[in-house]
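Trainee: With the input below, show me the fold.
(4 chains, ligands or ions: 2)
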Amino acid sequence: MRYTPHTDADRRAMMATIGIADVAELFADVPAAYRFPQLNLPAPLTEMEIARELEALAEENTSMGQVACFLGAGAYNHFIPAVVDVVISRSEFYTAYTPYQPEISQGTLQAMFEYQSMVAALTGMDAANASHYDGATAVAEAVIMALHTHRPPRKKVLLSPVLHPQYRAVVRTYTQGMGLRILGDEQPDTDFHALAALCDEETAVVVVQNPDFLGQLHSPAEMRDLAAAVHAHGALLAVSVDPISLGLFTPPGAYGADIVTAEGQALGNSLSFGGPYLGIFAFRHDLVRRSSGRLVGETVDLDGACGYVLTLSTREQHIRRGKATSNICTNQGLNALAAAVYLAVMGKHGLRKVAELCWHKAHYAADRIAALPGYEILAPKPFFKEFVVRCPRPVAEINRFLLDEYGIIGGYDLSQDYPHLGQAMLLCVTEMNTADEIEDLVQALSEVTESHLIPLEVVF
Amino acid sequence: MRYTPHTDADRRAMMATIGIADVAELFADVPAAYRFPQLNLPAPLTEMEIARELEALAEENTSMGQVACFLGAGAYNHFIPAVVDVVISRSEFYTAYTPYQPEISQGTLQAMFEYQSMVAALTGMDAANASHYDGATAVAEAVIMALHTHRPPRKKVLLSPVLHPQYRAVVRTYTQGMGLRILGDEQPDTDFHALAALCDEETAVVVVQNPDFLGQLHSPAEMRDLAAAVHAHGALLAVSVDPISLGLFTPPGAYGADIVTAEGQALGNSLSFGGPYLGIFAFRHDLVRRSSGRLVGETVDLDGACGYVLTLSTREQHIRRGKATSNICTNQGLNALAAAVYLAVMGKHGLRKVAELCWHKAHYAADRIAALPGYEILAPKPFFKEFVVRCPRPVAEINRFLLDEYGIIGGYDLSQDYPHLGQAMLLCVTEMNTADEIEDLVQALSEVTESHLIPLEVVF
Amino acid sequence: MEPFLYDLSRPGRRGVDMPDPDVPLTPLPAEYLRDDLPLPEINETEVVRHYIRLSQKNYAVDKGFYPLGSCTMKYNPKINERMARLPGFAQIHPLQDPTTVQGAMQLMYELQQMLAEIAGLAAVSLQPAAGAHGELSGVLIMRAAQVARGQGHRHKILVPDSAHGTNPASTTMSGLTVVEIPSGADGNVDIDALKAQLDDRVVGLMITNPSTLGLFEQHIVEVCRLVHEAGGFVYGDGANLNAIMGIARPGELGIDVLHFNLHKTFSTPHGGGGPGSGPVGVTAELADFLPGPIVAQNESGEYVWKMPVRSIGRVKAFHGNFGMHVRAYTYIRMHGAEGLRRVSEDAVLNANYLQALLKQRGDYPIPYGHRFCMHEFVAQGRIAGAEGVHTLDIAKRLIDYGFHPPTIYFPLIVPEALMIEPTETETQETLDAFADALTAIAQEARTDPERLHTAPHTAPVRRLDEVRAARQPILARVPGRQPA
Amino acid sequence: MEPFLYDLSRPGRRGVDMPDPDVPLTPLPAEYLRDDLPLPEINETEVVRHYIRLSQKNYAVDKGFYPLGSCTMKYNPKINERMARLPGFAQIHPLQDPTTVQGAMQLMYELQQMLAEIAGLAAVSLQPAAGAHGELSGVLIMRAAQVARGQGHRHKILVPDSAHGTNPASTTMSGLTVVEIPSGADGNVDIDALKAQLDDRVVGLMITNPSTLGLFEQHIVEVCRLVHEAGGFVYGDGANLNAIMGIARPGELGIDVLHFNLHKTFSTPHGGGGPGSGPVGVTAELADFLPGPIVAQNESGEYVWKMPVRSIGRVKAFHGNFGMHVRAYTYIRMHGAEGLRRVSEDAVLNANYLQALLKQRGDYPIPYGHRFCMHEFVAQGRIAGAEGVHTLDIAKRLIDYGFHPPTIYFPLIVPEALMIEPTETETQETLDAFADALTAIAQEARTDPERLHTAPHTAPVRRLDEVRAARQPILARVPGRQPA
Ligand SMILES: Cc1ncc(COP(=O)(O)O)c(C=O)c1O
Ligand SMILES: Cc1ncc(COP(=O)(O)O)c(C=O)c1O
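Mentor: Ligands and ions are numbered 1, 2, ... in the order given. All right, here's what the predicted structure looks like:
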């Protein structure tokens, strides 16, 4: 039945070897009162049946191929070359586990070493780990890593208000038992300069995002100033980035970041309703022994040939247990592999081209929308692929109109997280958005001003 | 650019080695007047662009997941376990070619030997080749193979009228230059008994189909009688089968067939608008040296270990050239691999179960339709998964109604090939058709009798 | 040797082409631009070949037996992969309007329900990305619940010495204190030692049942009762759930919080290290503390996001590793109640069969071999007459016999541990062949120990120097830079 | 050794489960049923492992260089595979109403047009399944056209001695007579020998240009003119089209009929032997004879099936290997005119570069090395000072160096032929490494010939006994039966 191969004859023979007459005997240690509960689950289905059912369920979702998507906010609809899925669908990669036995895991290990190398190259940092769960937990791990570097301990952490709201939430969740003071994001308009001013000798780490959550790019000069201010107090600077933006823009390693994190989904991983994604985690070399997560290192075998192993595992839970740098065990290996394949096949030229396409299309869309009466682009600094639009009507209403009338998924509604911006949406434009889609968006938005909209209350 | 790796620098270096200054020099042998024509082709697209375009084009087709399909007639909507595509998507299988170098092709060779073995098991024949192009060309090759067995040559070939019309057409196309007399199918109602009566000492081969094109099963007793009659004249009997039916029914090897052919698509190959499919070709052992197509044989290596090679290649075009048993070179290897994986993973139990599901569902559907006023099931013999329904209105009209109103792809319209049956359609019911779909079909057909139909002329 | 990726690079080579912009251009801001982008330049063909060749250097479940204890390396059904790649699942954005993703939310909702049913718990959050992530969530839940009860002074988490390293590590991350509890000679928790720690500073106990020794905790009900009486909660490490589906429901035994490893019990692939998925389930009392949002159903039957009212917060951006949810959902729906019980029965049968074979042959001590094991058991790489041979040697030699070695040197409380988990998807023939290999290796250990010390002999590389790797770590090579 | 599939079988084991019927049952007709069904009984896990392990015993383009002359083993773009698997292409029935498959028919229509444009011909049928199938179609077209001209007595097809075996074989299958034409010393067709055969019994000439020697026929226009003057047609074997896309159009040179190998020139994968696709293109004069149906457009722009009025008939059920059409279409659309010309230029550049390297080093005679080759060239495995070493030995030894050997012993007119076709998707580094391997092997041939005679040494098996296989062929093993 299903994936258990035994026939009744097999079972009988095996039971005879064990010396039992009934499999139930093996469970004598389970208190009789609780043994063999009847589970209330739907009746089993064959492969043919479940496929039909799930195909129908999947059809109930509106997927990228059916609409034009201008939604980003931490998860991005970027192009994924066909090569990526070919590699991550290789049985040898996806049905192996953590490479505890390096001699029969050189495929995974070398691929991870190469991933670490390309992440280091992209971020301008010395080294990288083999992944965290996602962009959010990577930030949390960065904070914890920063805490570990301080003797005596420092208990203050500064988060920029334009660090992704969910990332800030995760930092707070992770560290809720640590007695920290997490500050900096009380006022939504605290800029990096003001943030730096909050930094002191109590501060363990300052975390910012660039391009920030609202899409704004912070210049290398601004970032260098921030780093200098942070370092002056002996604190660390952690920067969360969009890896695609690094195809064009100065990497954090060049402006003084100590730790760089990123959501790596954009690098060859499908949207997949939010996961599995990829926590990118890079750092300065002197932080290596405080780093969390798996690290693959180069070494040699008995014959002196080059090979790769998991290394510095004395940092990790399976050796250090309660004193480990993190509890992480299973990571996002296959997503890191996807990112590696993506970076390898896009390469220097391709990644830059993707970043350029995002830049040009986003700016073109912004220019067009800026020309619409009733709309305003809130972008004091240069932006990369996302920008804020202040709208003439509530964003939820507009988005419903876009979807119903134009098959467009509109931008992220900022009214919850950044109410001071008013009726504002965060639009995202990538290389996947054609000029025609942008045209449609502009047309649709223009119709909104002419108030074709039924107020949201009536719709529900 | 695209898949050519060279940079301009590479090209220059290579040209220097060759001793030329311009690639154009390599083409000096092409008459100048015809050199470097400008091809009028659409502008090149990147992967991202072609994917978008073809996804849209594919969406224009109505595919199996969107409708209930009762169309068969030689191409069948059967279940394909996910395992099949996993195996045939392995780079090592699909990017290799014919295993000319057996030492580095044992994967393909062993898989093909196993395929041949399972085909032999399924058909009850001694051996099988590694594939023909499809079920139709397999029949043509069977005819040609039969011709080769006769000294002095025989020039008469008998085809049953209920052999697939397209297969009969292909036999005629292949042999048009051979000066044969192809008979037997002039009258659409010539049964196997009457066909046997046409057999004489001039007849090289008699070809029938079982279950026949109209879905009818011919009993082992009937088939044995036919074989006896054919063999009495020294002719060969070739039988074209539905491989799924062999999960239940007596294989041709058990009733005296000399050659067995089949369309193997149903075994794990997608419908794919008619190809690539799989020509199954099995035969008695004494015909082996007359067989066409690749054959994989067992042997040993220098150390005596078991291994597999292409064998008996002196039959083939690359050795025997104008005297080869066939011209076939590239075959349908990957489709044969799909069939092998299908047979391996469905196994003895699964194939029987599939055949039973077809049987029960088809008979249930036939019973329900038989009960509808205006419809008649034309099935004097038992049938397997296809049966003929005589309808109260032209089949084309009914099919349009089914599709437009019920999302049902109806049966094959027999009016062209078998006009003597009247307004008749060939319905096919497989394990993929749920009881609900059958219910819908019956309901829809019942509405037809109530003449909800707009005549076809008006629709077009 | 497969070349290092960058060594396949040549200036100017291209992999995948991208189109030119179809919109008017906007000048790039010069002062923001990077000087160089040291990524490789390789054509698509060579990229593909590189990874195909690399892949062949891996062992994997799809190649053979992988009895890595505690990891449940069962077969990963291929239909799971197909389902997770349906565009309606793989190509939806996590922030889409819920009305446009009802199918996905229904799947998550039903998965929450089914996992709760299997574990006998009241509510589940699918957000955690792996087992350790579920642990962290669970410990934070216990902590938050104690705070809510006005027991914020409590700070001790009791952890048996046989626990997986993530248990103490998760505890520390949540700001609490680990107190180790020894195991008794029978492999159960030492009840007296437990009692000695059960004071009013206890937040809870983390227990793995079946334990990492592969044994069902015989006093589980009593253990839970004692902890509850002391005002603590019991956290169940669900990594070993594969042994007890339809056999026992942790919630009924007294477990308050439990994480599931979808990548173990529920057949989602291990991905060469991940991604996994570590949903956390709790009793009704703790449901309000779950990380979130989770999926709920409103009055009109629509699926909506809901943040539990006293949630510890979100532990991850978005909603968890949804791709893994699809796979686990597929698996559970294909099995149903009988099927899952059959899975656990066969997992335990296989482990006991292999244990019985090894006991009969007597080459490897099995410290708890007098008890029936659950889905795994722990043997020792101490071969009489081959004292110089260690578990590591045996493991490496198993590679030459075509097997993945078991988990070694864990649990820490068993010296020279070989932790063997066959899983239910293996045939009797495979188990026999594995036992034969172990027997043959024991023989070799006595007659030719050097063969073991230098094993493996048939792997893509010889034994690797891990000490050297750690002494002067090289974690990245970027052209034009010092290796770092 | 990977076990034989049936050896993994155990009575009662199941692979994929099927559901029970959801309709009332109908009794089965007992007298029709088979007694036994000797298929294997294997669980899914072991089936997968079997094929994964088997796959690793193959060499393939995705592993490395595969310079198999005449086969154009270029890289198979991964996007092709994804496109062919779109449900709208992979899950449509060939007999569906044309109105429901307009997308697929449009693709076929445009592919017909694009292939015609590339070859300079008027019309194309996509029905043939492979090159040889296209040849058969083409020869039958020439025959039918002669009959239509009242020239039914003509029966000779002239075939150069360098032709691929399928050319004479296809001729014979179509009931015509093969007349072999020798090649001249320069690799061109011997014009005098051709003229001597050009009488009123000639149906046509089959010519491969570039020839199987890798040479462009220098007198192609004259050859065609001569044949036409004699009332014959010229068939072009398009297997070598990879050399001349955008370089020359066969139709303009005088070719009347040509088959395309989509699985060579247009990057559809070779599948371990197939499937391929062998569309056949013709001049306007011959368009009515094409096999069909083909796709046409009616007045309202709809795509419809059309049987050419004097068609030779259908050569295959349905419409050809559509899955391959999708892949080839993808490839052509991605390249456009410039891209295809670049493909041919680089294919020819690569071949000439490798030929130049081998000429410089001088180990292997290259009989036509004084000419530029096209996409491939023919060397000889005759190493001075190593007379006992043969092409076969060199080929087998190349395996140890990590390469697929070239085509060997073909064309037949070159003794000890090594027919080398690098294709355009290979890098200079790969060509250099291959040349180095050939040089090293030549050295070994002189110093250690036994190493070559017993090669390969690193393959999954040693050299296999082909004679034994043919003497007492074993083509199938079915349990309970004699091997046959
Ligand atoms: C007993 C046990 N607990 C917890 C974990 C941690 O789970 P994960 O690796 O998914 O974080 C593991 C993983 O191996 C385990 O075996
Ligand atoms: C020159 C030439 N002609 C014809 C063919 C036959 O093509 P196919 O194998 O597709 O039938 C080949 C195949 O190798 C070939 O090389």
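
Trainee: When you work out contacts or count neighbours from here on, use the C-alpha atoms and nothing else.
Mentor: OK.

Trainee: where do the helices sit along the chain?
Mentor: Since you didn't name a chain, this refers to chain A. A:8-18, A:47-59, A:82-88, A:91-94, A:106-123, A:135-149, A:165-174, A:192-198, A:220-232, A:317-320, A:333-370, A:395-406, A:435-449, A:456-459 (DSSP state H).

Trainee: Correction: the question concerned chain C.
Mentor: With DSSP H as the criterion, chain C has helices spanning C:44-55, C:78-84, C:87-90, C:102-119, C:131-148, C:166-173, C:191-197, C:220-229, C:250-253, C:322-361, C:391-400, C:428-447, C:449-453, C:466-471.

Trainee: Using a markdown table, please lay out those helices together with distance to residue B:292.
Mentor: A markdown table is the format used below for the helices of chain C (distance: least, Cα to Cα, whole Å):
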| stretch | distance to residue B:292 |
| --- | --- |
| helix C:44-55 | 35 |
| helix C:78-84 | 36 |
| helix C:87-90 | 43 |
| helix C:102-119 | 52 |
| helix C:131-148 | 58 |
| helix C:166-173 | 63 |
| helix C:191-197 | 77 |
| helix C:220-229 | 70 |
| helix C:250-253 | 64 |
| helix C:322-361 | 44 |
| helix C:391-400 | 43 |
| helix C:428-447 | 40 |
| helix C:449-453 | 51 |
| helix C:466-471 | 57 |
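
Trainee: CA atoms of the biggest strand by length in chain A as CSV?
Mentor: Ranked by residue count, the top strand of chain A under DSSP state E comes out as strand A:203-210. Output of strand A:203-210 as CSV, limited to C-alpha atoms (Å, rounded to 0.1, in the frame of the first residue of the first chain):
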residue,chain,number,x,y,z
THR,A,203,24.0,49.3,21.3
ALA,A,204,24.9,45.9,20.0
VAL,A,205,23.8,46.3,16.4
VAL,A,206,22.0,48.7,14.0
VAL,A,207,19.9,47.0,11.3
VAL,A,208,18.9,48.8,8.2
GLN,A,209,17.6,47.8,4.8
ASN,A,210,18.9,49.0,1.4
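
Trainee: ok, residues contacting that strand?
Mentor: With contact meaning Cα atoms under 8 Å, 6 or more residues apart in numbering or on different chains, strand A:203-210 is reached by A:139, A:143, A:146-147, A:150, A:154-160, A:162-164, A:192, A:199, A:216-218, A:230, A:233-242.

Trainee: Please point out which parts of that strand sit buried.
Mentor: A:203, A:204, A:205, A:206, A:207, A:208, A:209, A:210 (16 or more other Cα atoms under 10 Å in any protein chain shown).

Trainee: One more: stretch A:340-359?
Mentor: Applying a neighbour-count criterion of 16+ other Cα under 10 Å, one finds A:340-359 buried in stretch A:340-359.

Trainee: among the helices of chain A, which is nearest ligand 2?
Mentor: helix A:82-88 (26.2 Å; Cα to the nearest ligand atom).

Trainee: Please name the spatially closest residue to residue A:318 (chain neighbours excluded).
Mentor: residue C:165 (4.5 Å; Cα to Cα, 6 or more residues apart in numbering or on different chains).

Trainee: Next one: that neighbour from chain D, what distance?
Mentor: 31 Å (Cα to the nearest Cα, to the nearest Å).

Trainee: do the same with residue C:20
Mentor: 14 Å.

Trainee: that older thread, pLDDT added to the buried residues of strand A:203-210, as JSON lines?
Mentor: What follows is the buried residues of strand A:203-210, written out as JSON lines (pLDDT from 0 to 100):
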{"residue": "A:203", "pLDDT": "98"}
{"residue": "A:204", "pLDDT": "98"}
{"residue": "A:205", "pLDDT": "98"}
{"residue": "A:206", "pLDDT": "98"}
{"residue": "A:207", "pLDDT": "98"}
{"residue": "A:208", "pLDDT": "98"}
{"residue": "A:209", "pLDDT": "98"}
{"residue": "A:210", "pLDDT": "98"}
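
Trainee: The residue nearest to residue A:318 touches residue A:323, doesn't it?
Mentor: No: with contact defined as Cα atoms under 8 Å, residue C:165 does not reach residue A:323; the gap is 9.8 Å.

Trainee: who touches both of those two?
Mentor: residue A:317.

Trainee: Those two: which is more packed in?
Mentor: Remark: of residue C:165 and residue A:323, residue C:165 carries more neighbours, 25 against 20, as counted by other Cα atoms under 10 Å in any protein chain shown.

Trainee: and the nearest residue to residue C:88 once chain neighbours are set aside, how far is that from residue A:403?
Mentor: Nearest residue to residue C:88, sequence neighbours excluded (Cα to Cα, 6+ apart): residue A:58, at 4.2 Å. For residue A:58, the distance to residue A:403 equals 19 Å [Cα to Cα, to the nearest Å].

Trainee: Who has more neighbours out of those two?
Mentor: Per other Cα under 10 Å, whichever of residue A:58 and residue A:403 has more neighbours is residue A:58, with 25 against 18.

Trainee: What score does that one have for pLDDT?
Mentor: The model reports residue A:58 with a pLDDT of 98.

Trainee: quick one: it and chain D, what's the gap?
Mentor: Residue A:58 is 14 Å from chain D, by Cα to the nearest Cα.

Trainee: Roughly how far does that residue sit from residue C:111?
Mentor: 15 Å.

Trainee: With adjacent residues omitted, what lies nearest to whichever residue of the stretch 251-400 of chain A sits closest to chain B?
Mentor: As assessed by Cα to the nearest Cα, chain B sits closest to residue A:354 within the stretch 251-400 of chain A, at 11.3 Å. In space, residue A:354 comes closest to residue A:431 once its chain neighbours are excluded; the distance is 6.3 Å by Cα to Cα, 6+ apart.

Trainee: give me every residue that touches the residue of the stretch 251-400 of chain A closest to chain B.
Mentor: Here residue A:354 is in contact with A:244, A:247, A:431, C:18 (criterion: Cα under 8 Å, 6+ apart).

Trainee: Count the neighbours of the third one for me.
Mentor: Translated: residue A:431. By other Cα under 10 Å, the residues close to residue A:431 number 26.

Trainee: quick one, what contacts it?
Mentor: So residue A:431 contacts A:78, A:79, A:354, A:357, A:358, A:361 (Cα under 8 Å, 6+ apart).

Trainee: Where does the stretch 1-150 of chain A get nearest to ligand 1, which residue?
Mentor: For the stretch 1-150 of chain A, Cα to the nearest ligand atom, closest residue to ligand 1: residue A:98, 9.1 Å.

Trainee: and what of chain A?
Mentor: Closest point on chain A to ligand 1, by Cα to the nearest ligand atom, is residue A:330, at 3.7 Å.

Trainee: State the distance from that residue to chain C.
Mentor: For residue A:330, the distance to chain C - Cα to the nearest Cα - is 5 Å.

Trainee: Distance check, the residue in the stretch 301-450 of chain C positioned nearest to chain B against chain D.
Mentor: Residue nearest to chain B within the stretch 301-450 of chain C: residue C:330 (13.0 Å; Cα to the nearest Cα). Taking Cα to the nearest Cα as the measure, residue C:330 falls 15 Å from chain D.

Trainee: Could you count how many residues lie near that residue?
Mentor: If we define neighbours as other Cα under 10 Å, then residue C:330 has 28 of them.

Trainee: what residues are up against it?
Mentor: Taking Cα under 8 Å, 6+ apart as the test, what residue C:330 contacts is A:50, C:80, C:83.

Trainee: Just the closest of those residues to residue C:238, please.
Mentor: residue C:80 (21.6 Å; Cα to Cα).

Trainee: ok, the closest one - contacts?
Mentor: C:268, C:326, C:327, C:328, C:330, C:331.

Trainee: Please render the residues you listed as JSON lines that adds distance to residue B:6 and pLDDT to the earlier fields.
Mentor: Putting the contacts of residue C:80 into JSON lines (distance: Cα to Cα, whole Å; pLDDT from 0 to 100) gives the following:
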{"residue": "C:268", "distance to residue B:6": "41", "pLDDT": "98"}
{"residue": "C:326", "distance to residue B:6": "43", "pLDDT": "98"}
{"residue": "C:327", "distance to residue B:6": "42", "pLDDT": "98"}
{"residue": "C:328", "distance to residue B:6": "45", "pLDDT": "98"}
{"residue": "C:330", "distance to residue B:6": "46", "pLDDT": "98"}
{"residue": "C:331", "distance to residue B:6": "47", "pLDDT": "98"}
